[in-house]
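Colleague: Fold the following for me, if possible:
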Amino acid sequence: MDVILVPLLQLILAVINIYVWVLVASVVLSWLIAFGVVNTSNRFIYSIGDIIYRITEPALRPIRNILPNMGNVDLSPVVLILLLWFVESMLIRIIVKL
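Modeller: Model prediction:
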């Protein structure tokens, strides 16, 4: 059982870590677009932004619906990262107990 479960949990941990970095990239890209540092009329930037949006938006939308409207400040990525860190710590505890 441990032969399959531990590598599977490690794979899930790696996917969570990659997703956290994609969320950070999404936040940074949104800031760069908002401050006019990068232009979305550039096809490459638009493609990267679209891919990141399609990956992160399904997880962020329910959190945005729950959080109160705070104007231009979007705290949903912070909440999602904290939730992912909580899940990650639970998985690490499961791996240690096995």
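
Colleague: ok now do the residue most central in space within the chain, which residues does it touch?
Modeller: Central residue of the chain (C-alpha atoms, centre = their mean): Leu23, 3.4 Å from the mean position. Counting by C-beta atoms under 8 Å, 6 or more residues apart in numbering, Leu23 touches Thr56, Pro77, Leu80, Ile81. (Glycine included, C-beta is placed from N, CA and C.)

Colleague: The nearest residue to Val22 once chain neighbours are set aside: neighbouring residues, count only.
Modeller: Among residues not flanking Val22 along the chain, Ile55 sits closest, at 5.7 Å (C-beta to C-beta, 6 or more residues apart in numbering). The local packing count at Ile55 equals 15, with neighbours defined by other C-beta atoms under 10 Å.

Colleague: Could you do Thr56 as well?
Modeller: Neighbour number of Thr56 under other C-beta under 10 Å is 19.

Colleague: Give me the residues contacting stretch 4-17.
Modeller: Leu84, Val87, Glu88, Leu91, Ile92, Ile94, Ile95, Leu98.

Colleague: how many other residues sit next to the last one?
Modeller: Put plainly, it is Leu98. 10.

Colleague: For Ile51, give its distance to Ala14.
Modeller: Using C-beta to C-beta, to the nearest Å, Ile51 is found at 19 Å from Ala14.

Colleague: end-to-end on stretch 65-78?
Modeller: For stretch 65-78, the separation between the terminal residues is 14 Å (C-alpha to C-alpha, to the nearest Å).

Colleague: Then stretch 36-47?
Modeller: Termini of stretch 36-47 sit 17 Å apart (C-alpha to C-alpha).

Colleague: Residues contacting that stretch, please?
Modeller: Leu29, Leu32, Ile33, Gly49.
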